[in-house]
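Visitor: Need a 3D model of the sequence below.
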Amino acid sequence: MKFIVLASGKGTTLESLLTLQSKGQLQPQICALVTDNSKAEALQVASRYNIPAQCIPQQEYSDYASWDAALLAYLNKHDPDFILLAGFLKKVGPKVLNKFHNKMINSHPSLLPKYGGRGMYGQNVHAAVLAAKESKSGVTIHLLNERFDEGPILKQVEVPVLEGDSVKSLEERVKAAEKSALVDFLNSQYFEQ
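Guide: So this is what the prediction gives:
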């Protein structure tokens, strides 16, 4: 079982997964990385672990459909069983979604359906949770569909919001829970279906 990771930023989740993979503690194997950001630190993470990586920036294509086709071509080249989005900030196009229907998994730093959708990523999510004075936040692992953060939920883990939490302190606890939940999910029987 192999999967490709799509990431736009630092690649902390990718690094966590690759560390476990190198220790034989991750059942599915990461076969490649795709990013849309040439400055993404995830590219250096992939390089350190000798994982093929490709940057496919949307702005280099004449339109969204061309970018979608280029992304699909790269994914097809590696023939993954699943795609994992770990901080990928671009909306995946219809060609990729159709080809990998029910095979694209996203990890989101809130308890969806709360705090999902356009613009709800990273610290934006945690700031919104704190502003709403929520007692809990968490992580949602879900299937990707054509709408941001609205695909079927596969797993959720709650993280309490503590008195005096800052955006940074909440983000750190949610990230730790996200990595753990993701590893548990990726090593689960879900992929044996």
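Visitor: Residues in a beta bridge with the closest residue to residue 79 other than its chain neighbours, which ones?
Guide: Leaving aside its sequence neighbours, residue 79 sits nearest to residue 2 (CB to CB, 6 or more residues apart in numbering; 7.9 Å). Every residue, glycine included, has its C-beta placed from N, CA and C. When bridges are taken as DSSP bridges, the partners of residue 2 come out as residue 29.
Visitor: OK, contacts around residue 143?
Guide: The contact partners of residue 143, by CB atoms under 8 Å, 6 or more residues apart in numbering, come to 102, 104-106, 151-152, 154.
Visitor: One more: residue 8?
Guide: Residue 8 is in contact with 35-37, 40, 42, 87-90, counting by CB under 8 Å, 6+ apart.
Visitor: re the thing from before, confidence score at the residue nearest to residue 79?
Guide: Model confidence at residue 2, given as pLDDT, is 93.
Visitor: Does it touch residue 26 like I think?
Guide: No: using CB atoms under 8 Å, residue 2 makes no contact with residue 26, being 11.1 Å away.
Visitor: Make CSV from the contacts of residue 143 and add pLDDT and distance to residue 143 to it.
Guide: Formatted as CSV, the contacts of residue 143 follow (pLDDT from 0 to 100; distance: CB to CB, whole Å):
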residue, pLDDT, distance to residue 143
102, 94, 6
104, 96, 7
105, 95, 6
106, 94, 8
151, 93, 4
152, 95, 5
154, 96, 6
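Visitor: For residue 181, see how far away residue 80 is.
Guide: 21 Å (CB to CB, to the nearest Å).
Visitor: Looking at those two now, which is surrounded by more residues?
Guide: residue 80 (22 against 19; other CB atoms under 10 Å).
Visitor: Endpoint to endpoint, stretch 52-60 covers what distance?
Guide: 20 Å (CA to CA, to the nearest Å).
Visitor: buried residues in it?
Guide: The neighbour-count check on stretch 52-60 (16 or more other CB atoms under 10 Å) flags 53-54, 56, 58 as buried.
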